[in-house]
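Chemist: Compute the structure for the input listed below.
(chains A, B and C)
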Amino acid sequence: MGNLIIRLKKHFASEKEKISYLDTKGKAAYILHYYWLWILGICFGTFLVLYILLHVFFTVKDYWFYAIFANTTANAGNHSQLWEDFVEYAGYDTKEKKVEMNATAYFDPSVSGGTNNSYYQMFVAVTEAKDLDVLVMGTEGLIGVGSSGRLRDLRDLEDPSFLEEYESRIIYCEPYNEEYSQEPVPVGFDVSDSLLVTKYHLYDVDCALGIGAYTTREESAELFLEFILGKEREE
Amino acid sequence: MEGAEARARRRKILTHIVLIIMAFIMLVPFAWMVLTALKTNQESISVNPFYIFPANGWHWENFATVWKSYNFVILYKNTILMIFFRVVCACLTATMAGYAFGRLKFPFKNALFALVLIQMMVPAQIFIIPQYLMVSKIGMLNTTFGLVFPGLVTAFGTYLLKTGYEGLPMELEEAASIDGCSVPGRFLHIMMPLTRSSMVSLGIFTAVFAFKDLMWPMIVCSSATTTTLSAGLAKMQGQYGSEYPTMMAAATLAVLPMVIIYLIFQKQFVEGIATSGGKL
Amino acid sequence: MFKNMTPKQKNEAKWGLLFVAPTMIGLAILNFYPIFNTIYQSFFKTGDFGKGNKFVGLANYSKVLSSPETWQAFLNTIKYAIIEVPFGIVIALILAVLLNKKLAGRSIYRTIFFLPMVCAPAAVAMVWKWLYNTQFGLINNVFHSNIAWISDPKIAWISIGVIGVWSIIGYNMVLFIGGLQEIPGDFYEAASIDGASGVRQFFSITVPLLSPTTFFIVQTRIIGALTIFDLMFMVMDKTNVALKSVQSVVYLFYQYAFTNGNKGYGATLVVALLIFILILTFILQKLEKRVVYHN
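Modeler: Here you go, the predicted structure:
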């Protein structure tokens, strides 16, 4: 390392001597000619490092809540009416953590070839990154997604009383992986009569809600379910 | 003399015939895309193969519908930024690595190059989830950097430019080396300018693949103001469901800038070199 | 590691390592971490419904290797590569050589051949499905035939291969044109003065001087064809009766890892494919020294 510094010093000394015979314009031209790539590289590198550091330290990264509404053409993304109402209902501070609603997803495992698209890959990525809390889609489709094991087995919820409360709404699926269970697994709640249909018009026919398999925010998912079923917030 | 001229002419006509047939085959989907964009929905779903041209008038308003329903300016801007940075990053890192692999001797060269090849052998789907996690952890979702992220380095480009550098004659560098020109000096002033056409190919491919990439923008940019053309238009695909004319109008609008970029590139670089160099 | 080197060699080695550093660091983070993760996963049984993964040792491997489905998928992939690689390369080479001559409308032709590369994949899939449609398809109508192009297990793989060739020609052609540009023009001038014909020039100048580019295309296209996915993903669906005799290894991987949620099994398929391609590449790289002309 020391060797390199000595050599760099020598190099710059000789370069300095070379340009000392030139006028200012000539000096600039010489430096630009021989060192343009170095200058560009250093500028670009500094910019990149600063840019990344800025984002690492000053961007909101965590989620309060992440939902995917599949196969809807209604406006239900971020800052839509649904988004605003839910943030207010839950009392989330969106400056501290994010609330994400993604209504740009079109896939349906109950249709042949219905998972052969980028939307489905996006859903898988978000689920396995442990980000996804809630998936809402048509009941048949949700059962198909459930079969792949990407929704939470509702018997494993930390709050079993919740399950009892909505027992009549529970939807079951047959898992692809027969070793997991021979019996149907509860994976979702029927929400065909919820605000999603009556007030926000996301779906015309039946729809159901499932909880992401790897989520660590079960309570957010439960809160959202209570919200769309029109339950008053208890405080 | 006349016989030779006639032969040359015959050969030229033959060449044109071959090229025209190929051009026709290559053009079918593109033409179909544009023609469908001008039909009514009813016409577009008719599978009668001889129903190629719009029968009930040319529906230019499909383009207007698409143009109005999306903020194309923002989509174009995001796409161009992503393409620009991906091309710059790819060309910069690949030309350096390609030169080193193609011309220099250094320890572990073969092992490192094997790693470059291995990257191309695995299906891209396995990268999606870990890369998404990385971008998410550093808070780069919904940013240009997030879009550029998987394209920071390129194994394909490294291999392509390695091939380019290997093809250049040895004597070029040896002379400079004897004159005491340093490695970076040789690279910058002698070798790099000679691989310009490989770099243009790499630039074109990087741009095309970045442009066509649907999956990645969709994952990292969920908001409509930060996403790219192809991902933004994919949303339209969902919105208009089976309305093929609208979808195809959108696809046509999306392709246009790429065609223009290619035209500029090939006029500026490829043809420029052709007139000075190889002519058959 | 720098022992027994002259200062000049040492200098070269240092610059070499410095030049590859950005690329190698980037690949390590972006690609090699996921690859190792995949290899690691291949030893686990994926936990469903939010349960943890279970270590199963080599069980996934014995399952993958004993499944006839896997072998069929490998066979399908190789069959696809046998169509796509040679035809895609030969046609593209002919076009590139023709378009490298002084010719009226050269840039128009180049642009047209480039167009399929930028077309929306959805448009491409739709057009080919329409061309191949049994009842109303253009091909069957023109030839008055009644062939189920993509759902007859005997011909579906050829039909898919044709789409593959069609979509790769533009790509190969751009690379070939790039390679042709780098051949110095004086070689041809000297040959013309000597009275060598066009065909002679092609075989004695173009072919050897273009061989590095050709080898590059062969190598990358073999890898590309063996990891084919997008095409089948768009054109074939689950109800297609020919699926079993067409689906590629990566398509099978997608079905397991994404659609069915069995990541461990999918990861094992990827590792198996990787090993297969590695062996092929090793052989090809050995061959390179013999077939490629270096000046």
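Chemist: domain assignment for chain A?
Modeler: Domain ranges of chain A: A:2-58, A:63-228, per automatic domain parsing.
Chemist: my bad, should have said chain B
Modeler: What automatic domain parsing lists as the domains of chain B is B:2-63, B:71-239.
Chemist: Which one of these lies nearest to chain A?
Modeler: Nearest to chain A, of all the domains of chain B, is domain B:71-239, at 3.2 Å by CB to the nearest CB. Backbone N, C-alpha and C define where each C-beta goes, glycine included.
Chemist: Let me know whether the closest one sits next to chain A.
Modeler: Yes - Domain B:71-239 lies within reach of chain A by CB under 8 Å from any CB of the partner chain, at B:92, B:125, B:128-129, B:132-133, B:136-140, B:143, B:145, B:185, B:188, B:214-215, B:218-219, B:222-224, B:234-235, B:237-239.
Chemist: what's the least confident stretch among the domains of chain A?
Modeler: For the domains of chain A, mean pLDDT drops lowest on domain A:2-58, to a mean of 81.
Chemist: does any bit of that one sit next to chain C?
Modeler: No - Domain A:2-58 stays clear of chain C (CB under 8 Å from any CB), getting no nearer than 9.0 Å.
Chemist: And stretch A:148-159, by the same measure?
Modeler: Yes - applying CB under 8 Å from any CB, one finds stretch A:148-159 touching chain C at A:148-153, A:156.
Chemist: do stretch A:132-144 as well
Modeler: No - shown here: stretch A:132-144 not in contact with chain C (CB under 8 Å from any CB), separated by at least 9.2 Å.
Chemist: mind saving the C-alpha coords of that stretch as CSV?
Modeler: What follows is stretch A:132-144, C-alpha atoms only, in CSV (Å, rounded to 0.1, in the frame of the first residue of the first chain):
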residue,chain,number,x,y,z
LEU,A,132,-47.2,-9.6,2.3
ASP,A,133,-49.8,-9.4,5.0
VAL,A,134,-53.0,-9.7,3.0
LEU,A,135,-54.1,-11.1,-0.4
VAL,A,136,-57.6,-10.5,-1.6
MET,A,137,-59.0,-12.1,-4.8
GLY,A,138,-61.8,-14.2,-6.1
THR,A,139,-62.6,-17.2,-3.9
GLU,A,140,-61.7,-19.8,-6.4
GLY,A,141,-58.4,-18.1,-7.1
LEU,A,142,-57.6,-17.8,-3.4
ILE,A,143,-58.2,-21.5,-2.9
GLY,A,144,-55.7,-22.1,-5.7
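Chemist: could you check whether that stretch is close to chain B?
Modeler: No - using CB under 8 Å from any CB, stretch A:132-144 stays clear of chain B, coming no nearer than 11.8 Å.
Chemist: List the buried residues in that stretch.
Modeler: A:132-139, A:141-144 (16 or more other CB atoms under 10 Å in any protein chain shown).
Chemist: so what does the longest helix seen in chain A touch, helix or strand wise?
Modeler: If you go by DSSP state H, chain A has its longest helix at helix A:24-58. Counting contacts by 3 or more CB pairs under 8 Å, 6 or more residues apart in numbering or on different chains; DSSP states H and E, helix A:24-58 packs against helix A:2-19, helix B:144-148.
Chemist: Could I get the average pLDDT for the shortest one?
Modeler: So that's helix B:144-148. Helix B:144-148 comes out at a mean pLDDT of 89.
Chemist: The following helix or strand past that helix packs against which elements?
Modeler: Heading C-terminal from helix B:144-148, the first helix or strand you meet, by DSSP states H and E, is helix B:155-166. Taking 3+ CB pairs under 8 Å, 6+ apart as contact, the helices and strands that helix B:155-166 lies on are helix B:72-103, helix B:109-121, helix B:196-212, helix C:7-27, helix C:207-226.
Chemist: Quick one: closest of those helices to C:F176.
Modeler: Comparison of the helices and strands packed on helix B:155-166 against C:F176 by CB to CB identifies helix C:207-226 as nearest, at 6.5 Å.
Chemist: Stretch B:244-255 close to chain A?
Modeler: No - Stretch B:244-255 lies apart from chain A when judged by CB under 8 Å from any CB; the minimum separation is 12.5 Å.
Chemist: that older thread, so which of the domains of chain A is the most packed in?
Modeler: domain A:63-228 (a mean of 19; mean count of other CB atoms under 10 Å in any protein chain shown).
Chemist: Quick check: A:L82 vs chain C, distance?
Modeler: 26 Å (CB to the nearest CB, to the nearest Å).
Chemist: Please list the outside residues in contact with the host helix or strand of that residue.
Modeler: Using DSSP H and E, A:L82 sits within helix A:81-90. Contacts of helix A:81-90 from elsewhere in the structure, counted by CB atoms under 8 Å, 6 or more residues apart in numbering or on different chains, are A:64-65, A:75-77, A:94, A:99, A:101, A:196, A:200, A:202, A:220, A:223-224, A:227, A:233.
Chemist: Most widely separated two among those?
Modeler: Within these, two members stand farthest from each other by CB to CB: A:N75 and A:R233, at 24.6 Å.
Chemist: Give me the phi and psi for the residue of chain A found nearest chain B.
Modeler: The nearest approach of chain A to chain B comes at A:T59, 3.2 Å away (CB to the nearest CB). A:T59 adopts backbone torsions of phi -110, psi 140, taken as degrees, to the nearest 10.
Chemist: Can you narrow the residues of domain B:71-239 next to chain A down to the ones near chain C?
Modeler: Counting by CB under 8 Å from any CB, the members of the residues of domain B:71-239 next to chain A near chain C are B:92, B:125, B:129, B:214, B:237.
Chemist: I'd say the second one and C:Y256 touch.
Modeler: No - contact status for B:Q125 versus C:Y256: not in contact, 11.3 Å apart, counting by CB atoms under 8 Å.
Chemist: List the residues that contact the residue most central in space within chain B.
Modeler: Per CA atoms, centre = their mean, the C-alpha nearest to the average position across chain B is that of B:V208, at 2.0 Å. Counting by CB under 8 Å, 6+ apart, B:V208 makes contact with B:258, C:117-118.
Chemist: Strands along chain C, start to end?
Modeler: Assigned by DSSP state E, chain C shows strands spanning C:44-45, C:54-55.
Chemist: For stretch C:119-134, give me every contacting residue.
Modeler: Residues outside stretch C:119-134 that contact it (CB under 8 Å, 6+ apart) are B:28-30, B:32-33, B:47, B:49, B:212, B:214, B:230, B:233, B:237, B:244, B:247-248, B:251, B:254-255, C:116, C:136-140, C:146-151, C:159, C:163, C:167, C:230, C:234-235.
Chemist: Just the buried ones from these?
Modeler: If you count burial by 16+ other CB under 10 Å, the buried members of these come out as B:28-30, B:32-33, B:49, B:212, B:214, B:230, B:233, B:237, B:244, B:247-248, B:251, B:254-255, C:116, C:137-140, C:147-151, C:159, C:163, C:167, C:230, C:234-235.
Chemist: ok, so of the contacts of B:V208, who is nearest C:Q41?
Modeler: Within those, the smallest distance to C:Q41 is 33.7 Å, found for C:M117 (CB to CB).
Chemist: Does the closest one touch C:G170 like I think?
Modeler: Yes - assessed by CB under 8 Å, C:M117 is found in contact with C:G170 at 4.6 Å.
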